[in-house]
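Participant: I'll drop the sequence and a predicted model, then ask my questions.
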Amino acid sequence: MGTRHLICLYYNGHIVIAQYGGHEGHPSYTGRDIMTSLSDPRFIRRLRANITLIRHREPNRDYSSWHGGSIDENAGSSVLDDIAYTDRPLLHTFNLEFASDGGFCEWVYLVDLDAEVLEVYSGVSDFQMNRMHTRPVMKGRFAEAGVRQQVLRVTIPFIDLPGDKEELVKACTAGDEEVEEEGW
């Protein structure tokens, strides 16, 4: 399925990873993968330990002599595994601006290693915004940054992550009945 999404990793007060995913971005798939990984405290420790190995690609720079690895630009949720299980520097293409296109960026998963919470956002296109009788309440990190196309659906502490994907999907899609009535 072509459900485009963004995986963000927040650490030491900054978004350090903003990884595009071109498919399977629904909570029943990508959300489940992230939930499963974050349920393991060892995985979280490895993410924190390896975050210093990430290097952002700079435009127009020649990386032909690069001796590290590279994160696939369509990695999606596997970016977290790539980081947790690496033993060498990784190049990353930072795609945070993709969150500003709610029509194409259907889901955003923000893993906050500082507060140890998972934030899940869903995208809202300009077309959807214009058809709505009432505006969604914009809150969370993206609203603070002026990105009005991402609506915070749920914030879940790592220690309270649901036990199965159905619970996660239910938490992430709560209120969709009202949204559909509004013309989303």
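Facilitator: Done, it's in.
Participant: excluding residues flanking it in the chain, which one is nearest residue 96?
Facilitator: residue 18 (3.8 Å; CB to CB, 6 or more residues apart in numbering). Using the backbone N, CA and C atoms, a C-beta is placed for each residue, glycine as well.
Participant: so who does the one you found touch?
Facilitator: Taking CB atoms under 8 Å, 6 or more residues apart in numbering, we find residue 18 in contact with 6-8, 94-96, 98-99.
Participant: apply 7 Å and report the result again.
Facilitator: Contact analysis of residue 18 by CB atoms under 7 Å, 6 or more residues apart in numbering lists 6, 8, 94-96.
Participant: what's the answer for residue 89, then?
Facilitator: Taking CB under 7 Å, 6+ apart as the test, what residue 89 contacts is 53, 55, 68.
Participant: let me know the closest of those residues to residue 167.
Facilitator: Closest to residue 167 out of the contacts of residue 89 is residue 53 (33.1 Å), distances taken as CB to CB.
Participant: the closest one: how many residues sit nearby?
Facilitator: Per other CB atoms under 10 Å, the neighbour tally for residue 53 reads 15.
Participant: below-threshold pLDDT in the protein: ranges please.
Facilitator: Along the chain, segments meeting pLDDT under 70 span 1, 59, 124-149, 175-184.
Participant: let's see 80
Facilitator: Low-confidence segments of the chain (pLDDT under 80): 1-2, 58-69, 72-77, 100-103, 124-151, 163, 174-184.
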